[in-house]
Every structure is written in structure tokens, then in C-alpha cells.
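K.L.:
Sharing a sequence plus its predicted fold:
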Amino acid sequence: MDKIIYGFILYVAYLTLNESYPRFMFINRFGENQVFGAETNRNPDRDKNSPVTINNYKSVNYKDGSIDPLYHFGDLVFNEVMADPTPVVKLPNAEFIELKNVSGSPINVKNWILAVNGKQKMLPDQLIGADSFLILSGTGGNTLWAKYGANVEISGFTLANDGFSLKLFSAEKVLIDSLNYSPTMQRTGFANGGYSLERIDPHRWCGAESNWETSISENGGTPGTDNSVFGNNPDTKPPEVLSVGVASPDLLEIIVSEIPDIASLSGSVFTFIPSLPPPDSVRFNFILKKYSVYFPVGSMSSGVYYDLISNGLTDECGNRAAADHHEFWYYLPKPGDLLISEVLFNPLPGGVDFVEIFNHSGLKIHLEDLYLASIDNTHKIKEIYPLSTQFDALQEGQYAAFTSNPAILLANYNTLCPDCIFGMAKFPAYNLDEGWVVLVNKEMTIIDQFHYLEQMHDPLLNEVKGVSLERISFSKPADDRGNWHSASATVGYATPGYRNSAAEIVNGKGTMVTIEPRIFSPNGDGLNDRLLIKLSPGEPGWVANIRIFNENGLEIRRLANNLSIGSQDVLEWDGTKENHQIAGLGIYIVLVDLFGLQHGTNHFKMACVLTDRLE
């Protein structure tokens with residue numbers, strides 16, 4: 001375009017020198033400084049009986065004659081995406097993208113650019129009416145989608161099942177819409193394909209993460225028609241800081257719940273106590289919704305706890321979050337900071353291995369700085385897998401068990417801390433008879449290692465499948481074979497995520513066996529309903545036999561028969577006999593035999609009283 005001549009008239013024309021006839025712009029004035037027009041290639045002499053074809057829209061500044069594109073972000077939107085059509089529901093077995101025109105006027109997408117993961121495809125001459133749709137698909141799409149509405153076939157069009165970015169640019173290279181697709185955006189249970197992802201509110205241009213939903217159409221999608229989830233969907237929820245972590249000594253990563261507005265992208269909404277120098281750069285990953293804040297070398301001190309203050313974080317819709325605080329720190333674990341505490345290498349049928357570690361450092365430790373591994377026959381570390389990819393922290397004195405499938409582990413064993421069970425995307429393969437468990441930091445320094453053997457299990461056990469090896473003392477090294485023992489039967493042969501049944505009792509007081517209360521009343525009133533038999537041998541490897549006799553010397557109940565117990569255990573008598581009937585009122589004798597390979601048999605005899613109610 002060489003020149004525009006304009007004025008207070010209905011229309012004006014301008015001449016393009018490389019065309020054989022003039023291009024006309026029909027202009028209507030609105031506002032103080034703006035006019036609005038439609039540009040056409042129609043020759044009024046040659047094509048006087050043909051309809052006008054609108055090729056472009058422009059906004060012309062009335063004062064200085066500068067031209068701005070009329071198409072703005074949100075005029076034409078990505079409205080539906082089918083990234084994985086299999087298993088097929090009822091739609092054709094093909095990927096597609098649906099565009100919707102929400103500008104209120106027709107739009108021709110000639111020379112517009114569709115970018116999929118940065119790979120650009122130019123769109124052909126295609127008019128999309130106001131509030132109408134256009135289906136974009138790959139080779140063969142014209143045939144597949146013809147009955148669903150207007151469609152364009154794009155050579156080389158493909159969408160990755162695991163995620164991709166979409167951008168739509170006008171012919172003037174103005175960004176019109178964008179979308180970062182991830183299968184996690186689908187409703188739970190629908191991420192494996194067959195159903196499209198639909199935009200809820202096409203007139204909402206901000207906060208895309210909460211404006212998409214899996215199609216509820218019985219066909220699996222709604223190409224060419226209004227979406228099955230269509231509705232008014234304003235965003236009134238402010239953004240949140242989800243996690244803060246130190247990826248390296250000079251790199252802080254901040255993950256937020258949604259894409260922030262332009263003003264917040266610079267990271268200026270974040271301050272730090274103790275103070276840190278201004279960052280060298282701040283980058284934002286729109287797919288991961290993650291800030292990467294690069295500080296000058298040496299800015300963060302190891303072992304120092306910092307407070308990030310977020311004040312003014314705002315999303316694209318203008319929702320402003322209240323000020324909040326998030327703790328972060330940098331510390332690279334060293335040998336002895338974390339200790340291997342328990343290992344299950346021979347699981348139950350259908351079960352899973354696990355490795356438990358204990359934080360012995362006196363500090364909070366980031367799990368993403370640690371890796372679980374094994375050792376091959378040449379003593380080289382192999383199968384090195386991260387404990388976590390999130391900014392999970394292990395508190396001082398905390399146990400944590402790691403496995404390939406927490407649900408299976410929790411189904412097989414009771415635990416006092418279900419939240420202390422962590423799933424790993426990949427888990428080392430540990431042999432059933434012998435192997436190495438190795439814990440390393442991200443510099444591949446060995447933090448702790450344990451060479452296990454099946455022969456280390458309690459020789460009194462008839463079956464070791466499903467039985468873990470527990471560390472007895474954290475003051476003794478892992479390579480001391482006498483520092484490991486089979487988990488006791490009283491805890492179900494494993495203690496994932498909490499204190500070991502074989503754990504050493506330091507400065508224990510009292511006798512090996514006590515009972516309380518000596519007078520109990522199993523009547524269900526919640527007061528002294530059970531007799532507690534407390535066993536405290538002080539070390540693992542003991543076997544218990546416990547029998548209950550009435551005052552005539554007749555055995556009425558056997559509570560334990562060659563039961564493997566831990567260094568400290570508690571068993572209960574609910575007052576019932578072997579036939580599960582409540583025993584009569586009276587005096588009863590509790591006979592406890594404890595046997596240890598290194599200590600022989602110890603006999604304990606105590607009396608208790610079973611009554612009905614204590615007044």
C-alpha cells in the first residue's frame with residue numbers, strides 16, 4: 001500500500017502500483033481519531049455485478065494517517081482441540097483444531113499463520129463468518145470433516161499427544177490467540193484419548209488454564225458447532241505461588257498456578273528476606289508456569305533459610321493475589337546427612353519394592369537434590385533415578401519411603417504416615433537375593449549405601465517374602481550386617497514411612513515386660529477396656545509366646561505363638577477367650593516367654609483382674 005487518501009466522505013480509494021486496478025477501502029468514521037474500513041480487490045468496472053469480497057480490516061488513525069491492524073488478540077480463538085483421537089468414540093480418527101470467530105464481523109484468514117510448536121503453516125483464502133467455526137486438520141481432512149462444517153486441510157499438520165503450543169497470527173503478524181496444550185488439562189480419566197478439549201467461554205481471553213474442559217458430547221467432540229461445555233466462565237480467582245525451590249546455587253524457580261499479567265512477568269512482585277542482589281535475569285516458562293530467577297554467582301548462602309514475599313502477583317484477568325510468604329533454601333546433602341533406614345527387596349506377589357531414608361542432618365533437605373541407584377557387578381553406579389521432580393522437602397528427623405507404586409505399598413502394609421510414602425517415576429531394580437541400594441546427591445556423591453543379602457533376615461522366619469530389612473541404629477554404619485534385622489510380625493513385617501520396629505532403644509528404662517492397667521473392664525465404655533502387654537527387649541530378634549490362664553490354671557487364650565517382635569512392641573488382650581466370648585470376672589495370669597538366639601528364653605508371669613465396671 002503506497003498511500004491512503006481520507007476525509008469526511010463515505011469512501012476513499014488508494015492505488016497499489018503493482019496491481020492493474022485500484023484497491024478500494026470503504027471507510028466509516030467512529031470516535032474522535034479513528035475510522036474503520038474494509039479493503040477489497042474488487043474492480044468496480046469489471047466486477048460491478050459480483051459481490052464484494054472482504055480481504056482485510058484496518059483501523060486508521062485519523063490524525064497522522066498511521067495504520068494499525070484491526071484484528072486483535074481474541075478476535076479469532078482456538079475453540080476446540082483433538083490431540084489424540086484414539087480410542088475413537090464417534091468422530092473421525094483424525095486430529096483437528098477448531099477456530100471460532102468471536103469478533104462480530106467476518107474474517108478472512110488468507111496468509112494468516114498457524115504455529116504448532118513453532119512450526120509455521122500459512123492458511124489459505126478462507127472466510128469465517130461472525131460467530132462461525134473453521135476446522136483445521138491434516139491431509140485428507142477435507143473428506144473427513146466436510147459434513148461437520150467449513151474446514152481447511154493443512155499439509156504436514158500434526159499434534160503431539162503429550163502436549164504442544166499453538167499460536168495464531170494475522171497476516172500482519174499480530175498474535176491473535178495462543179494455547180499451551182497438555183493432556184493434564186483433560187478431565188481425570190480422559191487423558192488417554194478419544195475426547196477433545198473444549199473451550200468453555202470463547203469470549204474469555206485470559207486465564208486459559210481454567211477455561212478448558214474435556215468434551216461431554218457423546219460423539220467425543222463438537223467440531224463445527226457450539227461446544228458441549230460452552231458457557232459463561234469469568235475468572236475471579238487470583239493466582240497463587242505453588243512452590244519455590246533452588247534448582248542450583250544461583251537459580252531460583254517459582255511455580256505459579258496460572259500465567260501472570262505482563263507487569264508481573266518481570267518478577268518485580270517478589271522480594272527476599274534476607275535480601276538478595278537484583279537478579280541477572282528473570283524468565284517465565286508459559287507451559288510450566290514457572291519463573292526462573294538467575295542471581296549473580298554466590299548470592300545464596302548454603303544452609304540459610306530465605307523468605308520470598310510475593311506482593312502484587314496478578315493474573316491476565318486482573319485478579320490480584322494477597323501478599324504471602326514462602327520459605328526456600330539451598331543446601332546440597334553430604335555423606336551422613338541422610339541414611340538408608342529400611343529396604344524391601346523381595347515383595348509379596350503383586351507387591352512392590354521400597355527404600356526408606358531418614359533425615360539425620362538437622363536441616364530440611366530438598367528431595368529433588370537426591371537420587372536412588374544401584375551398583376552393577378563392576379561396582380559402577382547404575383539406574384540413577386531422582387527421588388522427586390518437585391520441591392518436596394524432608395524435615396529434620398523425618399522418615400520417607402520411596403517406591404514405584406505407593407497405592408500398592410499402602411494396600412500391603414499399614415503405616416503411621418501415609419504422606420511419607422513417595423512415588424518415583426522410575427525405580428531401580430533390586431535383586432531378590434543380594435544387591436546394593438545407593439543414595440547419591442546431584443553431584444553423584446554417595447550419601448549412604450547398603451549391601452543387602454537375603455541371609456541377613458531373621459533365621460527364625462520361615463518365609464522372607466514381603467519382609468523388609470530394618471536398620472537398628474543410626475549411630476552404626478550401614479555396612480555393619482549386625483545393624484540390620486527383619487521387621488517384626490507385630491507391625492506387619494514392614495514399617496514404611498515411620499520408625500522401624502527394630503530401632504535401637506536408647507537409655508530404655510523398666511523391665512522387658514509390663515502390663516497395664518492391672519484392673520481392666522472390657523465393657524466398651526471407653527475406659528480401661530483392654531489390657532496392654534508392653535514388650536521392651538531393647539533390640540530386635542526376639543520371639544514371643546503369650547498365654548492367658550484363669551485362676552484355676554486353665555489356658556483360655558493364646559495371644560502370641562512364636563511371634564516375631566521388635567525392640568519395643570505392645571500387644572492387647574480384649575478379655576475374650578479362644579471362642580471369642582468374654583471371659584468371666586476374676587483374676588487371670590499372663591504368662592510371657594521371650595526367646596532370643598543370643599539370650600535364650602526369659603519367662604515373665606503377671607496377674608491382672610477382669611471386672612465389669614469401675615465405680
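P.N.:
Yep, that arrived.

K.L.:
Run through the residues that contact P406.
P.N.:
421-423 (CB atoms under 8 Å, 6 or more residues apart in numbering). All C-beta spots, glycine's among them, are computed from the backbone N, C-alpha and C.

K.L.:
got the contact list for the residue nearest in space to the middle of the chain?
P.N.:
In the chain, the residue lying closest to the centroid (CA atoms, centre = their mean) is Q390, at 7.6 Å. Residues in contact with Q390 (CB under 8 Å, 6+ apart) are 243, 367-368.

K.L.:
Looking at those, which is nearest N431?
P.N.:
Here the nearest of the contacts of Q390 to N431, counting by CB to CB, is L367; it sits at 25.2 Å.

K.L.:
Not counting its neighbours along the chain, what's nearest the closest one?
P.N.:
S388 (3.9 Å; CB to CB, 6 or more residues apart in numbering).

K.L.:
can you pull out the helices in this structure?
P.N.:
In the chain, the helices defined using DSSP state H lie at 141-145, 262-265, 406-412.

K.L.:
for the second one, what is the average pLDDT?
P.N.:
Mean pLDDT, helix 262-265: 92.

K.L.:
Mind listing what's buried along that helix?
P.N.:
Using 16 or more other CB atoms under 10 Å as the test for burial, helix 262-265 gives S264.

K.L.:
Put the alpha carbons of that helix into PDB.
P.N.:
In PDB, the C-alpha atoms belonging to helix 262-265 read as follows (Å, rounded to 0.1, in the frame of the first residue of the first chain):
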ATOM      1  CA  ILE A 262       2.700  -8.600  31.700                       C
ATOM      2  CA  ALA A 263       3.500  -6.400  34.800                       C
ATOM      3  CA  SER A 264       4.100  -9.500  36.900                       C
ATOM      4  CA  LEU A 265       6.200 -11.300  34.300                       C
END
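
K.L.:
give the contact list for G221.
P.N.:
80, 82, 89, 91, 195-196, 198, 215.

K.L.:
again, but for F230
P.N.:
By CB under 8 Å, 6+ apart, the contact set of F230 is 198, 200-202.

K.L.:
For L339, list each beta-bridge partner.
P.N.:
Under DSSP bridges, the beta-bridge partners of L339 are F358.

K.L.:
What ranges in the chain fall below the confidence cut-off?
P.N.:
Applying pLDDT under 70 to the chain flags the ranges 1-69, 504-510, 598-599, 613-615.

K.L.:
mind giving me the domain split of it?
P.N.:
Structural domains annotated on the chain: 11-69, 76-214, 241-329, 338-491, 513-610, as defined by automatic domain parsing.

K.L.:
Please render those domains as CSV that adds distance to N500 to the earlier fields.
P.N.:
Output for the domains of the chain, formatted as CSV (distance: least, CB to CB, whole Å):
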stretch, distance to N500
domain 11-69, 69
domain 76-214, 36
domain 241-329, 28
domain 338-491, 4
domain 513-610, 7
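
K.L.:
Mark which of the contacts of F230 are buried, thanks.
P.N.:
198, 201-202.

K.L.:
Just the closest of those to S475, please.
P.N.:
The closest of the buried ones among the contacts of F230 to S475 turns out to be E198 (CB to CB; 60.0 Å).

K.L.:
So what's the residue count around P278?
P.N.:
For P278, the count of nearby residues is 8 (other CB atoms under 10 Å).

K.L.:
Could you check how far it is from P296?
P.N.:
Per CB to CB, to the nearest Å, P278 is found 8 Å from P296.

K.L.:
Give me the buried subset of the contacts of G221.
P.N.:
Burial by neighbour count, judged by 16+ other CB under 10 Å, picks out 80, 82, 89, 91, 195-196, 198, 215 from the contacts of G221.

K.L.:
Looking at the residues you listed, spot the one nearest F157.
P.N.:
Closest approach to F157 among the buried ones among the contacts of G221 (CB to CB): M82, at 11.8 Å.

K.L.:
which residues does the residue nearest to G553 when sequence neighbours are not counted bridge with?
P.N.:
Nearest residue to G553 in three dimensions, chain neighbours excluded: I589, at 8.0 Å (CB to CB, 6+ apart). Counting by DSSP bridges, I589 is bridged to F549, A607.

K.L.:
I589 and M606 touch, don't they?
P.N.:
Yes: look at I589 against M606 with CB atoms under 8 Å: they come within range, at 7.4 Å.

K.L.:
now the nearest residue in space to F345 that is not next to it in sequence: how far from S299?
P.N.:
Closest residue to F345 apart from its sequence neighbours, by CB to CB, 6+ apart: Y430 at 4.3 Å. Distance, Y430 to S299, using CB to CB: 40 Å.

K.L.:
circling back: between the buried ones among the contacts of G221, which is nearest G600?
P.N.:
Using CB to CB, Y195 comes nearest to G600 of these, at 68.1 Å.

K.L.:
Ramachandran angles for the closest one?
P.N.:
Phi and psi for Y195, reported as degrees, to the nearest 10, are phi -120, psi 140.

K.L.:
E213 is in contact with that one, correct?
P.N.:
No: using CB under 8 Å, Y195 makes no contact with E213, being 10.1 Å away.

K.L.:
Counting neighbours, what do you get for the residue lying closest to I533 once chain neighbours are set aside?
P.N.:
Residue nearest to I533 in three dimensions, not counting chain neighbours: L571, with 4.7 Å by CB to CB, 6+ apart. Using other CB under 10 Å, L571 is surrounded by 19 other residues.

K.L.:
gap between L571 and T214?
P.N.:
According to CB to CB, L571 and T214 sit 51 Å apart.

K.L.:
Could you do V293 as well?
P.N.:
Counting by CB to CB, the gap from V293 to T214 is 34 Å.

K.L.:
now do D525
P.N.:
Counting by CB to CB, the gap from D525 to T214 is 53 Å.

K.L.:
Compare neighbour counts for those two and give me the winner.
P.N.:
Neighbour tally, D525 and T214, criterion other CB under 10 Å: the higher count belongs to T214, 21 against 11.

K.L.:
Now do the contacts for that one.
P.N.:
Shown in contact with T214 (CB under 8 Å, 6+ apart): 186-187, 190, 195-198, 229.

K.L.:
Name whatever forms a beta bridge with it.
P.N.:
Counting by DSSP bridges, the residues bridging with T214 are L197.

K.L.:
And N108, by the same measure?
P.N.:
With DSSP bridges as the criterion, N108 is bridged to L127.

K.L.:
from memory it sits against L127, does it?
P.N.:
Yes: N108 lies in contact with L127 (CB under 8 Å); the separation is 4.9 Å.
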